[in-house]
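[1] attaching a predicted model along with its sequence, questions to come.
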Amino acid sequence: MTLFFDRRERTRPVRLDHLPPALAGDLAYRRFCLPKFSTRRSPDHAVLTERARFHLRNAHWVRVPTSEGEVQAYVFEPDAGAQRGGVMISHGWTSEASFMAVIAEQLRRAGFRVVAFDQPGHGRSAQERASLIDCARASLAVAEALGPLRFAVTHSMGGLAALLVGEGGLPLAHAYPFERYVLVSSPNRFQTITQEFADELHLGAAATRAFERRLERIAHRPMATFTAATLLAQTGRPALVMHALDDREVTFRNAEEIVAACPRAELLAVDGLGHRNILFAPPVIRAASSYLMDG
């Protein structure tokens, strides 16, 4: 059943509070796994995407088979002789690799080999539906196919996907040994995201719990323990956590929570860049590059 949203109104919130809780929870889960229809996607997404894809022109395009279908990857090779190691770029929900291509190109110029890719259900990758676990599985497949990769640079929900890969618990087959993380605008508690989504759909408590149980079953972990801070601590790796004070989509409090729980995490606060413009700010890109060069 897929008629619980109007395809002509892709970002319009839908009410499910008139349905039985189990059915409402099931439909909410299906809706949640359609990033192209997310209310978090900006109205001018298509225009911004075309502009951003210009920055992929110098990358080598590779199709990578994964358990979640083929994903489109982009490899930025450094100049001859550069030996700083590999970096995986992990974009956020509703986004695609092109929005982080400026960071990728600057890291390439600094001597890193950079692998970016469109998560399942995003960009030029296969499938329309995707969950965060699907993104984590695809991330692991890309890292193994196009690595070795020493570092991960992430934005927003891409941080949770990369940390799942670094932690390596179920449902993933094993961990990938990233040495350092750069987490830009990362949420901490996944349950905060699901609760905000449930509120959009006007789900009651029982329907919200049914929705979250679907997510718990595929994630093999309780929602309350599914946090960036927990995952990062379990990797035992250091991280640079960068976040804008004026981020309205993922509040600055998320960064504070991650750093407070992880002694090896460093916090860099910026202002006036919001949730998305932070990806194009030269000081942020320089900080990421410097942090990885020190690794």
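    Structure's in. What do you need?
[2] secondary structure class for E266?
    Secondary structure, DSSP: H, G, I helix; E, B strand; the rest coil: E266 is strand.
[3] where does pLDDT dip in the stretch 1-150 of the chain?
    Across the stretch 1-150 of the chain, residues meeting the criterion (pLDDT under 70) sit at 1-14, 38-48, 50, 52, 81-82.
[4] can you give me the strands in it?
    60-64, 71-76, 86-90, 113-117 (DSSP state E, counting those that start in this stretch).
[5] ok, which of those comes nearest T251?
    Checking those against T251 by C-beta to C-beta gives strand 86-90 as the closest, at 20.6 Å. Heads up, the C-betas are built off the backbone N, CA and C, glycines and all.
[6] run a quick neighbour tally on the nearest residue to S131 once chain neighbours are set aside.
    The shortest distance from S131 to any residue other than its chain neighbours is 5.2 Å, reached at C33 (C-beta to C-beta, 6 or more residues apart in numbering). By other C-beta atoms under 10 Å, 20 other residues sit near C33.
[7] ok, C33 touching P120?
    No. Judged on C-beta atoms under 8 Å, C33 makes no contact with P120 at a distance of 9.9 Å.
[8] which neighbours do the two have in common?
    A130 (C-beta atoms under 8 Å, 6 or more residues apart in numbering).
[9] just to revisit the earlier point, among the strands of the stretch 1-150 of the chain, which comes closest to P187?
    Closest to P187 of those, according to C-beta to C-beta: strand 86-90, at 13.3 Å.
[10] what comes up buried for that closest one?
    G86, V87, M88, I89, S90 (16 or more other C-beta atoms under 10 Å).
[11] ok, now stretch 284-295?
    V284, I285, A287, A288, S289, Y291, L292.
[12] export those as a markdown table, with columns for pLDDT, distance to A210 and secondary structure.
    Formatted as a markdown table, the buried residues of stretch 284-295 follow (pLDDT from 0 to 100; distance: C-beta to C-beta, whole Å; DSSP: H, G, I helix; E, B strand; the rest coil):
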| residue | pLDDT | distance to A210 | secondary structure |
| --- | --- | --- | --- |
| V284 | 97 | 39 | helix |
| I285 | 97 | 42 | helix |
| A287 | 98 | 42 | helix |
| A288 | 98 | 39 | helix |
| S289 | 97 | 44 | helix |
| Y291 | 98 | 41 | helix |
| L292 | 97 | 42 | helix |
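[13] determine which two of the residues you listed are furthest apart.
    Using C-beta to C-beta, the two most remote members of these are V284 and L292, lying 13.0 Å apart.
[14] and the strands of the stretch 1-150 of the chain: which comes nearest E257?
    Nearest to E257 among the strands of the stretch 1-150 of the chain is strand 86-90; the distance by C-beta to C-beta comes to 19.9 Å.
[15] so the closest one versus strand 71-76, what angle?
    Angle, strand 86-90 to strand 71-76, by axes from the mean of the first three to the mean of the last three C-alpha atoms, to 10 degrees: 140 degrees.
[16] mind listing the strands strand 86-90 pairs with, and their directions?
    strand 113-117 (parallel), strand 151-155 (parallel) (DSSP bridges).
[17] run the chain-centre distance for that strand.
    12 Å (C-alpha atoms, centre = their mean, to the nearest Å).
[18] what do you get for stretch 233-242?
    The answer for stretch 233-242 is 16 Å, by C-alpha atoms, centre = their mean.
[19] relative to A97, how far out is L164?
    Per C-beta to C-beta, to the nearest Å, L164 is found 18 Å from A97.
[20] I'd say A152 and S90 touch.
    Yes. At 6.1 Å, A152 counts as touching S90 under the criterion of C-beta under 8 Å.
[21] which neighbours do these two have in common?
    With C-beta under 8 Å, 6+ apart, A152 and S90 have common neighbours A162.
[22] what about the helices in this protein?
    21-32, 45-53, 101-109, 132-146, 157-167, 190-200, 205-219, 228-235, 253-261, 282-293 (DSSP state H).
[23] I'd like the ones you listed as CSV, with distance to L245 appended.
    Shown next, in CSV, are the helices of the chain (distance: least, C-beta to C-beta, whole Å):
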stretch, distance to L245
helix 21-32, 28
helix 45-53, 23
helix 101-109, 20
helix 132-146, 26
helix 157-167, 18
helix 190-200, 18
helix 205-219, 30
helix 228-235, 18
helix 253-261, 9
helix 282-293, 13
